[in-house]
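In: For reference, the sequence and a predicted model appear below.
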Amino acid sequence: MKPTSLNTVHFDLRFPLPDGRTLVQGPLTYNQDGLATKHNADFMSDPSFREAYNVGINNADPNTRIEWRVHIALWCATQAIGLPGDFVECGVHTGILSGAVMTWLEFARHSRRRFYLFDTWSGIPTQQVSAAEKHLGILEMNRKYQNGDSRFSEAQLKFSQWPNAVLIRGRVPESLSALNDSARIAYASIDLNVAEAEMGAIDVIWPKMTNGGLVLIDDYGWASHANQKRAWDEWAHRTGVMILALPTGQALVRKPCADA
């Protein structure tokens, strides 16, 4: 504590504190999913957002609260729907983001497009988990991917209302061969929890991305997914693009509108 005058005191505090605590002065408008803020969050009260979010969260863990992540996905999808190309999600599970996006965009109306949904619906393939990722406890995530057949059946039912939704069960990137029928991709959401699978996915998806297309990376900012972040950073350096890190833990990449 350094006195600066008779009437003022300067507190030399830096966050996070040594014990890991962080402080955001309230009143807070949002405090969940690793994000606390006092900034405007009135998108959450928009009826269209609530409808889309409620469809997305249906059949997920009722304690899940990821409104801001869904908000980001809806923004990305809104930009992408103005571009030519199909939509892709790698790592669907219960389909929170994709269910919200398809509701938000009334995706059935876009009958010439397909929304490809890729997942094993049985957890992270152990062969794709590196020693470093095992050390970070990534395989512990497989506990929430139990009862894969039941989860897949629930996903099939959930997405049956959209005739242009295409569910592909299998390991990524091998299952992405289903995209051979897709000439272009406008939107891709990638949430595969391990670096090997995500790099395999982007190697297939990126050449098909239309100029201006968007890639939403779900795990980029989370400490337990540091290996994925490093892999994405190396990929971005090789590819000559910049990754936008988001406070939700997500990240965003946009395909350049013209080749350099």
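Out: Nice, thanks for sending it over.

In: Please name the residues that touch Gly170.
Out: Contacts for Gly170 (C-beta atoms under 8 Å, 6 or more residues apart in numbering) come out as Phe118, Thr120. The C-beta positions use only the backbone N, C-alpha and C, and glycine is treated the same way.

In: got the contact list for Pro125?
Out: Taking C-beta under 8 Å, 6+ apart, one finds Arg171, Ala197 in contact with Pro125.

In: Apply 6 Å and report the result again.
Out: Arg171 (C-beta atoms under 6 Å, 6 or more residues apart in numbering).

In: And it, how far from Gly99?
Out: Pro125 sits 24 Å away from Gly99, going by C-beta to C-beta, to the nearest Å.

In: next one: Ser150
Out: Taking C-beta to C-beta, one finds Ser150 at 17 Å from Gly99.

In: tell me what the biggest strand by length in the chain is packed against?
Out: Of all segments of type strand in the chain, defined using DSSP state E, the longest is strand 209-217. For strand 209-217, the elements it packs on are helix 67-80, strand 185-190, strand 251-254, judged by 3 or more C-beta pairs under 6 Å, 6 or more residues apart in numbering; DSSP states H and E.

In: Using TSV, lay out these together with distance to Phe118, mean pLDDT and mean neighbour count.
Out: As requested, the helices and strands packed on strand 209-217 are exported to TSV (distance: least, C-beta to C-beta, whole Å; pLDDT from 0 to 100; neighbours: other C-beta atoms under 10 Å):
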stretch	distance to Phe118	mean pLDDT	mean neighbour count
helix 67-80	16	98	21
strand 185-190	10	98	26
strand 251-254	18	98	20
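
In: Present these as CSV; the columns should include distance to Trp104.
Out: Listed next are the helices and strands packed on strand 209-217 as CSV, based on distance: least, C-beta to C-beta, whole Å:
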stretch, distance to Trp104
helix 67-80, 5
strand 185-190, 12
strand 251-254, 17
